[in-house]
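Colleague: fold the following and give me the result.
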Amino acid sequence: MKGIRPGNKHPKKPFIKGDPRINRKGRPLLSFVIKNIRKMDKCEMTETFAVLMRKTKDDLEKIIENPQSLTRDVGIAKALDMWISTGDYSYVQAYSDFIFGKPVIKVDSTNFNLNANLENSSEKELARKAKQIISDISDNDNED
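Modeller: Residues are numbered from 1 along each chain as shown. Sure, this is the predicted structure:
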């Protein structure tokens, strides 16, 4: 059927006047805190992040609750506080990626121990060779 999408709650109902699904105001605006953090350059972000990383959880909560605190400090302090509370690194990952850059992940795809001739082999022989390859790989990982 035309026009039906998997996530569509109202597949056959078109918009009508006064329909609550119509978003007349558009996308919600970003908060003031996020706008100020986005305006920071890398040097300011690094300094602020370094200072706030040295604070204790109680100090971070004081910064968050203090109305005199800068909004950028409040935003970063909230992220650090959530990281401390939950242990979920994703709260501060965007800041660390901005400051230090995303880490380069190097994958070594060369393994010279894979000299197995798999043509004309039985299932048992293939299973034996696969176990041997896996043990060779795990032995190489343990050596590193």
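
Colleague: pLDDT value on the spatially most central residue of the chain, please?
Modeller: Computing the C-alpha centroid of the chain and ranking residues by CA atoms, centre = their mean puts Ser90 first, at 5.2 Å. For Ser90, the model assigns a pLDDT of 84.

Colleague: that one and Met53, how far apart?
Modeller: 17 Å (CB to CB, to the nearest Å). Any C-beta I mention is one placed from the backbone N, CA and C, and that applies to glycine too.

Colleague: so how far is stretch 39-55 from its chain's centroid?
Modeller: Its chain's C-alpha centre and that of stretch 39-55 lie 20 Å apart, by CA atoms, centre = their mean, to the nearest Å.

Colleague: would you mark the buried spots in stretch 22-39?
Modeller: 33, 36-37 (16 or more other CB atoms under 10 Å).

Colleague: and if you look at stretch 77-84?
Modeller: Quick answer for stretch 77-84 (16+ other CB under 10 Å): 77-81, 83.

Colleague: alright, calling it a day.
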